[in-house]
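Asks: no sequence on this one, just coordinates:
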Ligand code: IMP
């Protein structure tokens, strides 16, 4: 893996595709242990979740359904703090067990907004969250993330579905911004 440059920023190799797969496989097994007697709906929060979502499903061996919605809060490498809902939920999940699937939880603003949305409009039977990545140094909310594949330091990451200004989502590996910490 070599460093890459996108626009004005350099990114260094962080996690190889194979290592990511191993993390997701373990996560899918944990989720299965909890849901094997149910038919959960995995709700992918677009766009960043695409690769994680698709690989997770391949490792999940139980019955399940899927749905998507799209939100956005990032501009470049900074969270704006405002969460826009860009695309409505593709399936009704009232009275169902749902697992929200996120690429990364950073401030937790996105999830906080989504919890409100589901509570007010959908009323699922249960709601849990699975995230590929979590930045614990930034996350200050009072709810917990039920399933996390990997905790990472407070540095902007790119690849494997995650973008910098819409570029880099197609990289099979994960990269980390070369410069220092991101300030929120
Ligand atoms: P939060 O609302 O601050 O938790 O941010 C969640 C969303 O911001 C994620 O779903 C990503 O789309 C985006 N995001 C947060 N951190 C990063 C990062 O390091 N790289 C790319 N996108 C990120």
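Replies: Structure's in. What do you need? Worth saying up front: this structure is predicted, and the values here are computed from it rather than measured. Numbers count the residues shown, from 1 in each chain.
Asks: Show me what from this protein comes close to the ligand.
Replies: Within the chain, the positions adjacent to the ligand are 48, 73-74, 79, 102-110, 156-157, 162 by C-beta under 6 Å from any ligand atom. Just so you know, the C-beta spots here come from the backbone N, C-alpha and C atoms, and that holds for glycine as well.
Asks: farthest pair in the residues you listed?
Replies: 109 and 157 (17.5 Å; C-beta to C-beta).
Asks: quick one: which of these two has more around it?
Replies: Between residue 109 and residue 157, residue 157 has the larger neighbour count (other C-beta atoms under 10 Å), namely 24 against 18.
Asks: and that one, bridged to which residues?
Replies: Taking DSSP bridges as the rule, residue 157 bridges to residue 176.
Asks: what's it in contact with, if anything?
Replies: By C-beta atoms under 8 Å, 6 or more residues apart in numbering, the contact set of residue 157 is 14, 104, 133, 174, 175, 176, 177.
Asks: Recalculate using a threshold of 7 Å.
Replies: 14, 133, 174, 175, 176 (C-beta atoms under 7 Å, 6 or more residues apart in numbering).
Asks: try residue 127
Replies: Residues in contact with residue 127 (C-beta under 7 Å, 6+ apart) are 98, 100, 118.
Asks: Quick check: the second one touching residue 41?
Replies: No - under the criterion of C-beta atoms under 7 Å, residue 100 is not in contact with residue 41, lying 9.8 Å apart.
Asks: ok so, going back, so which of the contacts of residue 157 comes closest to residue 60?
Replies: Out of the contacts of residue 157, the member with the shortest distance to residue 60 (by C-beta to C-beta) is residue 133, at 18.5 Å.
Asks: In a strand, the closest one, correct?
Replies: Yes - counting by DSSP: H, G, I helix; E, B strand; the rest coil, residue 133 is part of a strand.
Asks: how many neighbours does it have?
Replies: 23.
Asks: got it, and the one 10 residues further on?
Replies: Residue 143 has 11 neighbouring residues, counting by other C-beta under 10 Å.
Asks: Which of the contacts of residue 127 fall in strands?
Replies: The strands, defined by DSSP state E, take in 98, 100 from those.
Asks: pLDDT check: weakest of the contacts of residue 127?
Replies: The lowest pLDDT within the contacts of residue 127 belongs to residue 118, with 91.
Asks: Quick check, that one in contact with residue 125.
Replies: No - the pair residue 118 / residue 125 is not scored as a contact, 11.1 Å apart, by C-beta under 7 Å.
Asks: okay, these two: which has more neighbours?
Replies: Shown here are residue 118 and residue 125; by other C-beta under 10 Å, residue 118 has more neighbours (19 against 12).
Asks: residues in contact with that one?
Replies: 124, 127.
Asks: ok, it to residue 26 distance?
Replies: 26 Å (C-beta to C-beta, to the nearest Å).
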